[in-house]
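Chemist: test case, fold it:
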Amino acid sequence: MSDNPRLVNLRIGKRTYPVRTTLEESQIRKLETLLDALAFEEGPGTSQEESLVLMVLKLVHALEKARIGLERLSGGEGES
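Modeler: Now for the predicted structure:
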């Protein structure tokens, strides 16, 4: 990873956004693959905003499941 941010195009859902990042190209492609895995099968009338909201909700759910699993592994069950 370089310390100098550069401008890259990151595809999220239906659109591509210019983003400043220090990530390498291979890391950006992995990120896009993860975002694709979070994407929902949307109907023809689903807007980009709706797709992104659904993607964020799915990501939050996955992160919460991971947090609970890590707490169990560390013996910290029941802590918030």
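
Chemist: what number of residues lie near residue 13?
Modeler: 21 (other C-beta atoms under 10 Å). In this view, the C-beta of every residue, glycine as well, is placed from N, C-alpha and C.

Chemist: I'd like the distance between it and residue 48.
Modeler: As defined by C-beta to C-beta, to the nearest Å, residue 13 lies at a distance of 6 Å from residue 48.

Chemist: is residue 46 in a helix, a strand, or coil?
Modeler: coil (DSSP: H, G, I helix; E, B strand; the rest coil).

Chemist: and for residue 4?
Modeler: coil.

Chemist: that one reaches residue 23, doesn't it?
Modeler: No - contact criterion C-beta atoms under 8 Å: residue 4 and residue 23 do not qualify, at 11.8 Å.

Chemist: the more surrounded of these two?
Modeler: residue 23 (17 against 6).

Chemist: which SSE is immediately downstream of the worst-scoring helix or strand of the chain on mean pLDDT?
Modeler: Within the chain, judged by mean pLDDT, DSSP states H and E, the helix or strand with the poorest mean is helix 25-38; its value is a mean of 89. The helix or strand immediately downstream of helix 25-38 is helix 48-74, counting by DSSP states H and E.

Chemist: against which helices or strands is that next one packed?
Modeler: Where contact means 3 or more C-beta pairs under 8 Å, 6 or more residues apart in numbering; DSSP states H and E, helix 48-74 is packed against helix 25-38.

Chemist: just the element for residue 17, please.
Modeler: Short version, using DSSP H and E: residue 17 is in strand 15-21.

Chemist: list of residues touching that strand?
Modeler: The contact list for strand 15-21 (C-beta atoms under 8 Å, 6 or more residues apart in numbering) reads 5-11, 28, 48.

Chemist: closest one to residue 63 out of those residues, please.
Modeler: Within the contacts of strand 15-21, proximity to residue 63 (C-beta to C-beta) peaks at residue 10, which comes in at 19.7 Å.

Chemist: would you agree the closest one is in contact with residue 30?
Modeler: No - with contacts counted by C-beta under 8 Å, residue 10 stays clear of residue 30, the gap being 11.7 Å.
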